[in-house]
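**Q** fold the following.
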Amino acid sequence: MEHSYLKVTANDEISCPYSGHIPRKQSDAMSDGSRTASPSSSHKQKSSYSSPPTSDHDGRTSSEATCPVVFTQEVDPLLLRKSLEDRVAYLTDFLGFTSDDSDMITKVAPYVNDIIPEMVDDMYAKLFEFDITKKVFMNRNQGFDGPLPNRLEDLTLDSPQIKFRKVFMKSWARRVLTSDYTTGKTWAYMDKVGIMHTGVSPFKHQRTMGIKPLNVPYRDIALTMGWIQSILQTALLQVPDSQLSMADKIAAITAINKVMWIQNDLFSRHYIDEQ
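**A** Reported below is the predicted structural model:
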């Protein structure tokens, strides 16, 4: 499938970055089934690469007709900035996120689902270790109408707003493990999670009601994502081999890492002024 974020056309000649290879047409390369799928195409294909060109004892490369890099794509950066669908298509293509990854996450979800409450508790304990990450929760969160403390030292892990936030975090973590990654709704949800942390509400009803979202520095968002990723990795590795093979653990960690980095991008795109 040809994604709209690609500027190369089917009749353009493809230049291989390795010497000794015959130029190809995009239509030939695409017929190899080499693209990963966009959210609208159900992630139906995996990347398929040939071996790099071999060399003889004199250092000369072979002249295989098939290039080890399918082709160098010309990406439209404007579409990546403006279109969520095209951005996700690019992200999943680049990371090689396929239906196999989605299926593996679904398979291992029952083994790590029970750690989510403890993980969320530990995450907020981590955020309370530093004043700059704790201060964020002194501001009223969207959807929360309960009492707020006046002093930072009065904000505790048992404060009503922290309990409120934990409910959202548990829901997000479970969605990472159970979402249908073939639908654009999943990525749209993750994109809204990114927007709502920038101080801009992605939801019309909240803007109408004057409910303010969180305003969290991207630095701390990225650190928290890294912390969560480590917890999930550790939990998977601790599953007994009798219940989950090492091959499946590795595949699951790889798949979850891809999702976490896509979510990370769907945060950063709302903070970073891309060129």
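**Q** helices of the stretch 151-275 of the chain, start to end?
**A** With helices called from DSSP state H, counting those that start in this stretch, the stretch 151-275 of the chain shows them at 160-178, 184-195, 204-209, 218-237, 246-268.
**Q** give the buried residues for stretch 171-178.
**A** By neighbour count on 16 or more other C-beta atoms under 10 Å, the buried set for stretch 171-178 is Trp172, Ala173, Val176, Leu177. The C-beta positions use only the backbone N, C-alpha and C, and glycine is treated the same way.
**Q** ok, and what's touching it?
**A** The contact list for stretch 171-178, computed with C-beta atoms under 8 Å, 6 or more residues apart in numbering, reads 105-106, 108-109, 112-113, 116, 119-120, 186, 189, 193, 228, 256, 259-260, 263.
**Q** that stretch - what's its average pLDDT?
**A** Averaged across stretch 171-178, pLDDT comes to 95.
**Q** with only the CA atoms kept, save that stretch in PDB.
**A** The C-alpha trace of stretch 171-178 is given here as PDB (Å, rounded to 0.1, in the frame of the first residue of the first chain):
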ATOM      1  CA  SER A 171      -7.000   3.300  32.400                       C
ATOM      2  CA  TRP A 172      -4.200   4.500  30.100                       C
ATOM      3  CA  ALA A 173      -1.900   1.600  31.100                       C
ATOM      4  CA  ARG A 174      -4.600  -1.000  30.500                       C
ATOM      5  CA  ARG A 175      -5.400   0.500  27.100                       C
ATOM      6  CA  VAL A 176      -1.700   0.200  26.100                       C
ATOM      7  CA  LEU A 177      -2.100  -3.600  26.800                       C
ATOM      8  CA  THR A 178      -5.600  -4.200  25.400                       C
END
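**Q** show the subsequent helix or strand relative to the helix or strand of the chain with the lowest mean pLDDT.
**A** Counting by mean pLDDT, DSSP states H and E, the chain has its least confident helix or strand at helix 26-30, which shows a mean of 50. Per DSSP states H and E, the first helix or strand lying C-terminal to helix 26-30 is helix 77-82.
**Q** quick one: list the elements packing against that following helix.
**A** In terms of contacts (3 or more C-beta pairs under 8 Å, 6 or more residues apart in numbering; DSSP states H and E), helix 77-82 is packed against helix 84-95.
**Q** what's the angle between the helix it packs on and helix 246-268?
**A** With axes from the mean of the first three to the mean of the last three C-alpha atoms, to 10 degrees defining the directions, helix 84-95 sits at 140 degrees from helix 246-268.
**Q** and the helix or strand following helix 84-95 with helix 160-178, angle?
**A** Elements were assigned by DSSP H and E; along the chain past helix 84-95, the next helix or strand is helix 99-112. Orientation check (the same axes, to 10 degrees): helix 99-112 against helix 160-178 gives 130 degrees.
**Q** then helix 99-112 to CSV, C-alphas only?
**A** The C-alpha trace of helix 99-112 is given here as CSV (Å, rounded to 0.1, in the frame of the first residue of the first chain):
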residue,chain,number,x,y,z
SER,A,99,-0.2,-7.0,13.6
ASP,A,100,2.3,-9.6,15.1
ASP,A,101,3.3,-6.9,17.7
SER,A,102,-0.3,-6.1,18.4
ASP,A,103,-1.2,-9.8,18.9
MET,A,104,1.8,-10.3,21.2
ILE,A,105,0.8,-7.4,23.4
THR,A,106,-2.7,-9.0,23.7
LYS,A,107,-1.2,-12.3,24.5
VAL,A,108,1.0,-11.1,27.4
ALA,A,109,-1.5,-8.6,28.8
PRO,A,110,-2.9,-11.0,31.4
TYR,A,111,0.6,-11.6,32.8
VAL,A,112,1.2,-7.9,33.6
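**Q** fine, thanks again, bye for now.
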